[in-house]
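coordinates only, no sequence provided:
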């Protein structure tokens with residue numbers, strides 16, 4: 001019984017990590033298409049994506065060096081999330 005609960009919990013965490021990866025990728029693509037304008041009303045999609053991803057990306061932005069207009073924090077965040085996904089998947093497979 002406990003094994004089924006742990007597998008279900010691991011699957012839920014993997015699903016959330018996958019969703020975060022897709023949200024970060026959507027934010028990156030939209031940042032290329034939609035330039036934020038401080039004088040226009042906020043776009044609700046961009047606002048949602050920023051609200052979800054900023055807690056992940058802002059700490060990385062403080063650590064990573066600035067490379068002009070290039071922001072590496074989404075790429076590093078995706079790499080970390082993918083590492084966590086693989087780690088959890090392999091740990092669950094090894095345990096059961």
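That came in fine, so what should we check first? Because the structure is predicted, anything quoted here is derived from the model rather than measured. Residues are numbered from 1 along each chain as shown.

which residues in the chain form helices?
Along the chain, counting by DSSP state H, helices occupy 2-33, 44-63, 73-95.

now tabulate the ones you listed in JSON lines and tack on mean pLDDT and mean neighbour count.
The C-beta positions use only the backbone N, C-alpha and C, and glycine is treated the same way. Shown next, in JSON lines, are the helices of the chain (pLDDT from 0 to 100; neighbours: other Cβ atoms under 10 Å):
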{"stretch": "helix 2-33", "mean pLDDT": "92", "mean neighbour count": "13"}
{"stretch": "helix 44-63", "mean pLDDT": "91", "mean neighbour count": "13"}
{"stretch": "helix 73-95", "mean pLDDT": "94", "mean neighbour count": "14"}
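
pLDDT wise, what is residue 36 at?
pLDDT, residue 36: 63.

where's stretch 28-35 relative to the chain centroid, distance-wise?
Distance of stretch 28-35 from its chain centroid, counting by Cα atoms, centre = their mean, to the nearest Å, is 16 Å.

how about stretch 31-48?
19 Å.

neighbouring contacts of it?
Stretch 31-48 is contacted from outside by 27, 30, using Cβ atoms under 8 Å, 6 or more residues apart in numbering.

next: stretch 64-77.
Residues from elsewhere that reach stretch 64-77, judged by Cβ under 8 Å, 6+ apart: 24-25, 27-28, 53, 56-57, 60-61.

and the furthest pair within these?
The two members of the contacts of stretch 64-77 with the most space between them (Cβ to Cβ) are 25 and 61, at 17.2 Å.

now residue 64. Its backbone dihedrals?
phi -80, psi 150 (degrees, to the nearest 10).

roughly how far apart are it and residue 83?
17 Å (Cβ to Cβ, to the nearest Å).

kindly reformat the contacts of stretch 64-77 as TSV containing distance to residue 13.
Listed next are the contacts of stretch 64-77 as TSV, based on distance: Cβ to Cβ, whole Å:
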residue	distance to residue 13
24	17
25	19
27	21
28	23
53	18
56	15
57	20
60	20
61	25
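
nearest to residue 10 among those residues?
So of those, ranked by how close each gets to residue 10 (Cβ to Cβ), first place is residue 56, at 20.3 Å.
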